[in-house]
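J.: Based on what follows, work out the 3D shape:
(2 chains)
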Amino acid sequence: MKIRTRYAPSPTGKMHVGNLRSALYEFLIAKHEGGEFMLRIEDTDQERIVEGATEIIYRTLEKTGLIHDEGPDKDGGYGPYVQSERMKTGIYLKYAKELIDKGEAYYCFCDKERLDSLKTEVVEGKEITVYDKHCLSLSKEEVEKNLAEGKPYVIRQNIPNEGSTTFHDELYGDITVENSELDDMILIKTDGYPTYNFANVVDDHTMNITHVVRGNEYLSSSPKYQRLYDAFGWESPVYVHLPLITDENHKKLSKRSGHSSFEDLIEQGFVTEAVVNYIALLGWSPEDNREIFSLDELIKEFDYHRISKSPAVFDIVKLRWMNGEYIKAMDFDTYYEMAKPYIDEAVKTDVDKKKLAEWVKTRIEVFPDIKELIDFVDELPEYDIDMYTHKKMKTNAESSLLVLKEILPILEEQDDYSNDALYSTLLNYVEEKGYKNGFVLWPVRTAVSGKQMTPAGATELMELFGKDETIKRIKAGIAKLERA
RNA sequence: GGCGAAUUGGUCAAGCGGCUAAGACGCCGCCCUCUCACGGCGGAAACAAGGGUUCGAUUCCCUUAUUCGUCACCA
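T.: All right, here's what the predicted structure looks like:
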């Protein structure tokens, strides 16, 4: 049988890294086996719906390459794919009634006050309500009467207080919970919408989902879902619960912490493929030691049995490293297209921007890093003359002044400002004087850039600037040193 | 608090009864070098604790500790 997985988000905001990884794993599990990956929108909580959230989901899936085979925009014969639309077909109520007939569910007319009175105060500020099955004992006549009167109701699952329920997870093994721990959860809400718990089970079954892949937070409620499958007499799907992704403080990633949303990462200059690659490795590892994977390679290698059970910290530092690897591996044209906006922003002067792009390619991890690497181009920054002192080069302010003064006339005489020509000119001078290379090149680079480190050597910088600007900067350096 | 799960260096992680306990990021050092970066080489750094089982436990079992999750007419 063909594997079918689904990504079933609720449209409540941006997609954070955890959501994206769920989608990724669901996609990979299906595609690794040549199966189908489906998108279903779970919008049964009408109050929490955020406008535009569905569009973000589409956009993100498309951009990351997690292309769904079916979904609201791609009918595959199992539609509708949006739960609010499915509800209109009456499917949830129909199945709920089926459970009522079987004695596995019942109408409940309890109002808020009564429910509140059931609350038991527990430490840590948590209030826990265990429903007391009050309405289970209602007679058929009472139920009919209430319904006829139009009294608001919910439908609850009837879970016995005796015994225990076990379900099997591919990663975590068998998990057993005492039935007495399980509350009679609500299947159909007062507003007629199904709860997640119920819609999820009904949909996964009716949409032929073979592998239910979802976050770890559902692990402890899964026995309830198992009971639902059993009550219906349906075969339960293969469960794969995914370990959580946490922040550096080991707290579950929240949509609020800005930087953890996929869109924000892209805005911060990360490459889509790098993000996908990185999160694939958060909770899964291949058989060998490889770390760089394209999506196609992931599909090929992804064996879900190798997903780990323990939570993983989202490490932005390692993501940055990986992003740098992707940038280095890019062909120049693709890279330049992405880097250009950042270069344009940092440099207004008319210089060879491709040159700048080449220089920084191996020096950045994310694109915004470019800015500070080339901020000396438009204007010579203010710098301290201490910068002329370099222990290893054996330079200091005095020696630098000497060198710059001697070199200035030579540079003024020279017309060929290509890197090669400049380099041999300077080396000639070095040889003539019996200096070390750095003894000369360090002060020149300092004068020309005003920075401790630059993405290119002295002569390359001079080539970029051209004769006039170079002379100007060297003179400025001399003046600065003389003043001191 | 009940229930469930997890626990290998700072982080991601391999390991699936016998190993000097991989690898990667980060950190440190060296080399390369007209600075930085890239690249190359090397280093420091871990099996939560205590009991069992076993000839032998990081690997299996139990207890404790810690962390996380969950206990909604949210998903």
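J.: got the residue ranges for the strands in the stretch 101-250 of chain A?
T.: A:105-108, A:119-121, A:127-129, A:154-157, A:164-169, A:173-178, A:186-188, A:211-215, A:238-242, A:245-246 (DSSP state E, counting those that start in this stretch).
J.: mind putting the ones you listed in TSV, distance to RNA strand B, mean pLDDT and mean neighbour count included?
T.: Yep, even glycine has a C-beta here, placed from its N, CA and C like the rest. Below are the strands of the stretch 101-250 of chain A laid out as TSV (distance: least, CB to the nearest atom of the strand, whole Å; pLDDT from 0 to 100; neighbours: other CB atoms under 10 Å):
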stretch	distance to RNA strand B	mean pLDDT	mean neighbour count
strand A:105-108	7	96	23
strand A:119-121	8	73	9
strand A:127-129	4	79	10
strand A:154-157	5	96	22
strand A:164-169	8	93	16
strand A:173-178	5	92	12
strand A:186-188	4	96	23
strand A:211-215	8	96	21
strand A:238-242	8	96	21
strand A:245-246	7	92	20
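J.: closest to residue A:263 out of those?
T.: Checking those against residue A:263 by CB to CB gives strand A:245-246 as the closest, at 16.6 Å.
J.: how many neighbours does residue A:358 have?
T.: The tally of other residues near residue A:358 (other CB atoms under 10 Å) stands at 17.
J.: tell me the secondary structure for the closest residue to residue A:279 other than its chain neighbours?
T.: Distances taken as CB to CB, 6 or more residues apart in numbering put residue A:21 closest to residue A:279, at 4.5 Å, once the chain neighbours are dropped. With DSSP: H, G, I helix; E, B strand; the rest coil as the basis, residue A:21 sits in helix.
J.: quick one: contacts for residue A:21?
T.: Residues counted as contacts of residue A:21 (CB atoms under 8 Å, 6 or more residues apart in numbering) are A:242, A:245, A:279, A:280, A:282, A:283.
J.: can you check residue A:376 too?
T.: Shown in contact with residue A:376 (CB under 8 Å, 6+ apart): A:449, A:450, A:451, A:454.
J.: Doesn't the third one belong to a strand?
T.: No. Counting by three-state DSSP, residue A:451 is not found in a strand; it is coil.
J.: you'd agree it is up against residue A:380?
T.: No. Counting by CB atoms under 8 Å, residue A:451 sits too far from residue A:380 to count as a contact (9.4 Å).
J.: Which strands and helices lie in contact with the longest helix along chain A?
T.: What stands out as the longest helix in chain A, according to DSSP state H, is helix A:458-483. The elements that helix A:458-483 packs onto, with contact taken as 3 or more CB pairs under 8 Å, 6 or more residues apart in numbering; DSSP states H and E, are helix A:353-361, helix A:397-413, helix A:419-433, helix A:437-449.
J.: Stretch A:252-269: end-to-end distance?
T.: End-to-end span of stretch A:252-269 (CA to CA, to the nearest Å): 24 Å.
J.: and that stretch, what's its mean pLDDT?
T.: If you average the pLDDT over stretch A:252-269, you get 78.
J.: Can you lay out the strands of the stretch 101-250 of chain A as TSV showing distance to residue A:474?
T.: Output for those, formatted as TSV (distance: least, CB to CB, whole Å):
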stretch	distance to residue A:474
strand A:105-108	86
strand A:119-121	78
strand A:127-129	74
strand A:154-157	82
strand A:164-169	70
strand A:173-178	72
strand A:186-188	79
strand A:211-215	61
strand A:238-242	60
strand A:245-246	53
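J.: wait, which of those strands is closest to residue A:303?
T.: strand A:238-242 (11.6 Å).
J.: just the angle between that closest one and strand A:173-178, please?
T.: If you take axes from the mean of the first three to the mean of the last three CA atoms, to 10 degrees, strand A:238-242 sits at 90 degrees to strand A:173-178.
J.: And strand A:238-242, what does it pack against?
T.: Applying 3+ CB pairs under 8 Å, 6+ apart, one finds that strand A:238-242 contacts helix A:17-32, strand A:164-169, strand A:211-215.
J.: Distance check, the residue of chain A found nearest RNA strand B against residue A:442.
T.: Closest residue of chain A to RNA strand B, CB to the nearest atom of the strand: residue A:457 (2.6 Å). For residue A:457, the distance to residue A:442 (CB to CB, to the nearest Å) stands at 10 Å.
J.: now do residue A:378
T.: 23 Å.
J.: Compare these two (neighbour count), which wins?
T.: With neighbours defined as other CB under 10 Å, residue A:378 and residue A:442 compare such that residue A:442 has more, 23 against 12.
J.: buried set for the longest helix of chain A?
T.: Neighbour-count burial for helix A:458-483 flags A:458-465, A:467, A:469-470, A:473-474, A:477-478, A:480-481 (criterion: 16 or more other CB atoms under 10 Å).
J.: go on, stretch A:12-24?
T.: Buried, per 16+ other CB under 10 Å, within stretch A:12-24: A:13, A:14, A:15, A:16, A:17, A:18, A:19, A:20, A:21, A:22, A:23, A:24.
J.: so what's the fifth one closest to, chain neighbours aside?
T.: Beyond its immediate neighbours in the sequence, the residue positioned closest to residue A:17 (CB to CB, 6+ apart) is residue A:260, lying 5.1 Å away.
J.: Let me see the contact set for that neighbour.
T.: Counting by CB under 8 Å, 6+ apart, residue A:260 touches A:16, A:17, A:18, A:247, A:253, A:254, A:314.
J.: Looking at those, spot the one nearest residue A:408.
T.: Distances from residue A:408 to the contacts of residue A:260, taken by CB to CB, are shortest for residue A:314, at 53.0 Å.
J.: Could you list everything the nearest residue to the closest one once chain neighbours are set aside pairs with in the sheet?
T.: Take residue A:314 and drop its neighbours on the chain: the residue closest to it by CB to CB, 6+ apart is residue A:245, 5.4 Å away. Judged by DSSP bridges, the bridge partners of residue A:245 are residue A:312.
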